[in-house]
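Enquirer: need a structure here:
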Amino acid sequence: WVYPKEYLSELLMIFGAILIGILIAVVTPEGEKERLSNEQRKDL
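Expert: From the prediction side, this is the model:
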């Protein structure tokens, strides 16, 4: 398999975005919980 540079950079960008999302979720679990509970209250 030979990856063109464009495809590889796109793959890295996607991978980086996923990593950043995981990092944010791990670093700010409290903020996420608050946001989720607020959304649940709106539904009720």
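
Enquirer: Run through who's touching whichever strand or helix holds Glu30.
Expert: In this structure, Glu30 sits in helix 29-43 according to DSSP states H and E. For helix 29-43, the surrounding residues in contact (Cβ atoms under 8 Å, 6 or more residues apart in numbering) are Ala25. (Glycine included, C-beta is placed from N, CA and C.)

Enquirer: how near is the spatially most central residue of the chain to Lys42?
Expert: For the chain, Gly21 is the residue whose C-alpha lies nearest the centre (Cα atoms, centre = their mean; 2.5 Å). Distance from Gly21 to Lys42, counting by Cβ to Cβ, to the nearest Å: 23 Å.

Enquirer: what do you get for Thr28?
Expert: 20 Å.

Enquirer: who has more neighbours, these two?
Expert: Just comparing Thr28 and Lys42: by other Cβ atoms under 10 Å the higher neighbour count belongs to Thr28, 12 against 6.

Enquirer: Which pLDDT value belongs to the more buried one?
Expert: Looking at Thr28, its pLDDT is 77.

Enquirer: residues contacting it?
Expert: Listed by Cβ under 8 Å, 6+ apart, the contact set of Thr28 is empty.

Enquirer: quick revisit: what does the residue nearest to the centre of the chain show for phi and psi?
Expert: Phi and psi for Gly21, reported as degrees, to the nearest 10, are phi -60, psi -40.

Enquirer: lowest confidence element among the helices and strands of this structure?
Expert: Least confident helix or strand, the chain: helix 29-43 with a mean of 73, by mean pLDDT, DSSP states H and E.
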